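A.B. asks: Okay, structure incoming, though there's no sequence with it:
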């Protein structure tokens, strides 16, 4: 676009603004800024909730809290009669036994699974 040397500064400014407004970069910027403005005003789009979706219940949290209260109550009952130390030792021993058995059983099981998987791959 050729600009006449004798045109006023207002006409020159209008011509530059017209060129900037029609540039693809400015159009993309305006589109992105419009989308950001809409997002800021409306928030993220939420998928429509299905009617089959059932509300989450707090059963697991209730059970966990109940178990903690039961364990705390048992400790408080053992505290006045002086049996808290042996109870902690016995509880620690039972916990160690459970972890040890879990380690042995799980280790044996995973070893068998890996061997069967390797044998099936070798046959292929």
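C.D. replies: Cool, got the structure. Worth saying up front: this structure is predicted, and the values here are computed from it rather than measured.

A.B. asks: so what does the helix or strand that contains residue 92 touch, helix or strand wise?
C.D. replies: Per DSSP states H and E: residue 92 is located in helix 84-123. Contacts defined by 3 or more Cβ pairs under 8 Å, 6 or more residues apart in numbering; DSSP states H and E place helix 84-123 against helix 59-78. For the C-beta atoms, the positions are set from N, CA and C on the backbone; glycine is no exception.

A.B. asks: Buried ones in the helix it packs on, by neighbour count?
C.D. replies: Buried residues in helix 59-78, counting neighbours by 16 or more other Cβ atoms under 10 Å, are absent.

A.B. asks: Provide the contact partners of it at residue level.
C.D. replies: With contacts defined as Cβ atoms under 8 Å, 6 or more residues apart in numbering, helix 59-78 is touched by 84, 87.

A.B. asks: Rounded mean pLDDT for that helix, please.
C.D. replies: For helix 59-78, mean pLDDT rounds to 86.

A.B. asks: cool, stretch 110-124 as well?
C.D. replies: Here the average pLDDT along stretch 110-124 is 86.

A.B. asks: Check what pLDDT residue 15 gets.
C.D. replies: 63.

A.B. asks: and what of residue 96?
C.D. replies: So residue 96 comes in at 94 (pLDDT).

A.B. asks: Against residue 78, how distant is it?
C.D. replies: Relative to residue 78, residue 96 is positioned 20 Å away (criterion: Cβ to Cβ, to the nearest Å).
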